[in-house]
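Undergrad: Mind looking at a prediction? Sequence and model below.
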Amino acid sequence: MQKDQPFGEDFDRDFITLTDEDGNTFEMELIDVIEHNDTFYHAFAPAEEDEQEDDEDALGILVMKSVEENNEEMLATIEDEGELQEVFAIFLQRFLDGAEEDAEEEELGEKQ
């Protein structure tokens, strides 16, 4: 998948297994990547939505950033609430823009 590819575009699905501080693992699907202020941010969604719909603690969209630690690129949680809100708003706008484009394409297809 290319970096900075908007939501809704056709691309190969990428999955990753994340482990939280309690040792719980979660299979997540990478749904978008953006570069903002010289940092790459990754948006993930649960890979198995059907199983989690009934779970009150089901995961929603997870946003993480790329950081370099010991010359190795890793994903990290975003500690700063303002940074998280700013980046989430960008992902949300990209999603909405992609959904709007998809609706317009469907409408054009129906008219032909």
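TA: Alright, I've got the coordinates.
Undergrad: Go ahead and confirm Leu30 touches Asp14.
TA: Yes: with contact defined as Cβ atoms under 8 Å, Leu30 reaches Asp14; the gap is 4.1 Å. C-beta: built from backbone N, CA, C; applies to glycine.
Undergrad: And the two? Which one has more around it.
TA: Comparing Leu30 with Asp14 by other Cβ atoms under 10 Å, the one with more neighbours is Leu30, at 17 against 13.
Undergrad: beta partners of the more buried one?
TA: Note on Leu30: beta-bridge partners Asp14, Phe44, judged by DSSP bridges.
Undergrad: my read is Tyr99 is in a helix, agree?
TA: You called it Tyr, but residue 99 is Ala. Yes: when classified by DSSP: H, G, I helix; E, B strand; the rest coil, Ala99 is found to be part of a helix.
Undergrad: From Thr17, how far out is it?
TA: With distances defined as Cβ to Cβ, to the nearest Å, the gap from Ala99 to Thr17 amounts to 28 Å.
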